[in-house]
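**Student:** I need the structure of the sequence given here:
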Amino acid sequence: MFNLSTKQTVWIAVVFSLILWATRGQHVASLMGLPDATWAIAFVVGFLLSPALFLLVLTQAFVIDYLAMGDFIFNLAYVALIPSYLALWMAGRWLRQHYEQNGFKIGQFAIALVAGVAICELISSGAFYLQKSGASLVGFAELFGTYFFSNLFFTLCYIAVASLGFYLVTETAKKKLA
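**Tutor:** Next comes the predicted model:
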């Protein structure tokens with residue numbers, strides 16, 4: 001359906017890097033900062049870009065977290081972020097495969113997004129919650145319910161903005177070629 005040039009890929013990677021550096025660490029929206037865009041970036045990179053660029057996203061997220069939190073990030077719960085983000089990347093990749101076969105289908109997008117965010121939330125929140133003493137399944141269910149919908153909402157918002165930007169850029173490029 002579409003192939004990105006090297007120049008387009010580099011621009012997308014640069015924009016995503018800037019967004020990651022601007023939002024990482026802002027895990028909750030506030031008047032001073034945007035919510036973390038890492039989940040949306042992992043999903044969109046899965047849809048648009050190569051696995052190597054996914055590794056770039058993971059590396060940048062680690063560097064940002066290390067600069068912000070230092071040695072605190074060296075624990076098993078933090079390591080669980082790797083499969084969490086991988087779930088989002090794989091959901092984006094799954095959507096890309098279906099997109100190439102059938103074109104855009106809102107149902108497939110919804111399945112990919114909700115499944116990716118749900119798995120990411122289960123792994124990431126679960127790992128951080130289970131390292132606490134007194135962890136319980138009921139407590140985790142409450143935690144999951146607290147964060148899942150807001151994370152899904154913010155991920156969807158970032159993906160909508162990215163999709164609009166991608167559409168505008170590709171349509172402008174098509175018009176220049178015509």
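**Student:** going by C-alpha atoms from here, please, whenever you check contacts or count neighbours.
**Tutor:** OK.
**Student:** where does the chain dip in pLDDT?
**Tutor:** 1-2, 26-32, 178 (pLDDT under 70).
**Student:** which stretches of it form helices?
**Tutor:** Assigned by DSSP state H, the helices in the chain fall at 6-23, 38-48, 51-69, 76-79, 81-102, 106-130, 137-177.
**Student:** what are the phi and psi values at residue 134?
**Tutor:** When read as degrees, to the nearest 10, the backbone of residue 134 gives phi 80, psi 20.
**Student:** one step back: okay, the helices of the chain, which one's buried deepest?
**Tutor:** Comparing the helices of the chain by mean neighbour count (mean count of other Cα atoms under 10 Å), helix 38-48 comes out on top with a mean of 25.
**Student:** other SSEs contacting that one?
**Tutor:** If you count contacts as 3 or more Cα pairs under 8 Å, 6 or more residues apart in numbering; DSSP states H and E, helix 38-48 packs onto helix 6-23, helix 51-69, helix 81-102, helix 106-130, helix 137-177.
**Student:** centre-most residue in the chain?
**Tutor:** residue 39 (2.1 Å; Cα atoms, centre = their mean).
**Student:** now that one, nearest residue through space, not along the chain?
**Tutor:** Closest residue to residue 39 apart from its sequence neighbours, by Cα to Cα, 6 or more residues apart in numbering: residue 155 at 6.2 Å.
**Student:** before we move on, what about residue 121?
**Tutor:** That would be residue 148: by Cα to Cα, 6+ apart, it lies 6.4 Å from residue 121.
**Student:** re earlier: the residue nearest to the centre of the chain contacts residue 157, correct?
**Tutor:** No - the criterion here is Cα atoms under 8 Å, and residue 39 misses it with residue 157 at 11.1 Å.
**Student:** which one of the helices and strands packed on helix 38-48 lies closest to residue 33?
**Tutor:** helix 6-23 (7.1 Å; Cα to Cα).
**Student:** elements contacting that closest one?
**Tutor:** helix 38-48, helix 51-69.
**Student:** residue 79: which of the ones you listed is closest?
**Tutor:** Distance to residue 79, taken as Cα to Cα, is lowest for helix 51-69 among these, at 10.0 Å.
**Student:** contacts for the closest one next, please.
**Tutor:** The contact list for helix 51-69, computed with Cα atoms under 8 Å, 6 or more residues apart in numbering, reads 13, 17, 20-21, 24-25, 38, 41-42, 45-46, 73, 82, 89.
**Student:** apply 7 Å and report the result again.
**Tutor:** With Cα atoms under 7 Å, 6 or more residues apart in numbering as the contact definition, helix 51-69 has outside contacts at 42, 45, 73.
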